[in-house]
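Student: curious how this folds, go ahead:
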Amino acid sequence: MTEDDALMIAVQSGDGQAFECLVERHQRALLGFFYRNTGDIQLAEDLAQETLLRVYSQAWDYLPRGRFRGWLFRIARNLLIDTSRRRTHDLLLHSLKLRPDQEHDLLANLVGRSRRPEDGASHRELAAAVDELLGELPEEQRLTFTLHHFAGLSLPEVAEAMEIPLATCKSRLRLAREKLQGRLRRLGFGAPVGEEPE
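Tutor: Next up, the predicted model:
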C-alpha cells in the first residue's frame, strides 16, 4: 500500500490532517499541470483547488490499489476538459516555468543538444517557442506530454489519468515529441534526438 493510499483511507475515515497532507503532496503538480494548459495562474489555482475538493468529495469512490496519482490526474484532466469546453480555445495553453534545471533538460532533449549557461537568451527563445508549439498540438497529445513532462507522472500514471492503454499513451507522447522536434528544427533550434518514450 502506498503512502497516498494510506492517506486516502484516513480521509475516508474523516481525517482532515490526512487530506491536508495529500494537498501538500500534490498541489504543486496540479498547479503546474493546469497552468501549462491554461496559461492563466488564477485559473490554474482555481482548477487545482476544485480538483482537490473533488478528491475530498469523491474519497469514497477511491479504491486503494496504489494508483492514486492516476486517479487524481484523471479528475484533473476531466475538469480541464470541462473547463475548456466552457471557455474559448485561446485560454488553453501556455507556460508553467519549471525549475531552471528541469526546463533546461527538457528543452535540450527536444532539440538534441546540451546548452551552456551562456546560452541564456537562446534558452529563453527556445522555451517561448516550445510554449507556443505546445498550443498547436492536438489536445490529447498535448495533455499526454504535459502530464508526463510537467506534472511528472510516469507513463502508466498518464495512461490511467487519460483512461487509455499504455501503448496509446506511449504513441501520443512519441507523436508529440516528434512534432515538437520537427517544428523546433524548422525554427532553427537544432537536430532531433532519437529518444523513445519510457
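
Student: give the contact list for Ala161.
Tutor: Under the criterion of CB atoms under 8 Å, 6 or more residues apart in numbering, the contact list for Ala161 reads Arg69, Gly70, Trp71, Leu72, Phe73, Arg74, Ala76, Arg77, Leu147, Leu153. Just so you know, the C-beta spots here come from the backbone N, C-alpha and C atoms, and that holds for glycine as well.

Student: can you put these in CSV and add neighbour count?
Tutor: Conversion of these to CSV gives the following (neighbours: other CB atoms under 10 Å):
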residue, neighbour count
Arg69, 23
Gly70, 20
Trp71, 20
Leu72, 27
Phe73, 25
Arg74, 16
Ala76, 27
Arg77, 20
Leu147, 29
Leu153, 24
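
Student: check the residues you listed and tell me the two furthest apart.
Tutor: Greatest spatial distance in the contacts of Ala161: Trp71 and Leu147, 13.2 Å, computed using CB to CB.

Student: following the helix or strand of the chain with the lowest mean pLDDT, which helix or strand shows up next?
Tutor: Using mean pLDDT, DSSP states H and E, helix 100-111 stands out as the lowest-scoring helix or strand of the chain, at a mean of 55. With elements assigned by DSSP states H and E, the helix or strand that comes after helix 100-111 is helix 120-134.

Student: may I see the buried residues of that following helix?
Tutor: Along helix 120-134, the positions that meet the burial threshold by neighbour count (16 or more other CB atoms under 10 Å) are His123, Leu126, Ala127, Ala129, Val130, Asp131, Leu133, Leu134.

Student: quick one: the residue positioned nearest the centre of the chain from Leu155, how far?
Tutor: In the chain, the residue lying closest to the centroid (CA atoms, centre = their mean) is Leu147, at 2.5 Å. Leu147 sits 9 Å away from Leu155, taking CB to CB, to the nearest Å as the criterion.

Student: related to what we said a few turns ago, now do the SS call for the residue nearest to the centre of the chain.
Tutor: Here Leu147 takes the helix state, with states given by DSSP: H, G, I helix; E, B strand; the rest coil.

Student: walk me through the domains of the protein.
Tutor: The record assigns the chain these domain ranges, following automatic domain parsing: 3-91, 100-186.

Student: orientation of the helix or strand hosting Arg185 relative to helix 120-134 in degrees?
Tutor: Assigned by DSSP H and E, Arg185 belongs to helix 166-186. The directions of helix 166-186 and helix 120-134 differ by 130 degrees, with axes from the mean of the first three to the mean of the last three CA atoms, to 10 degrees as the criterion.
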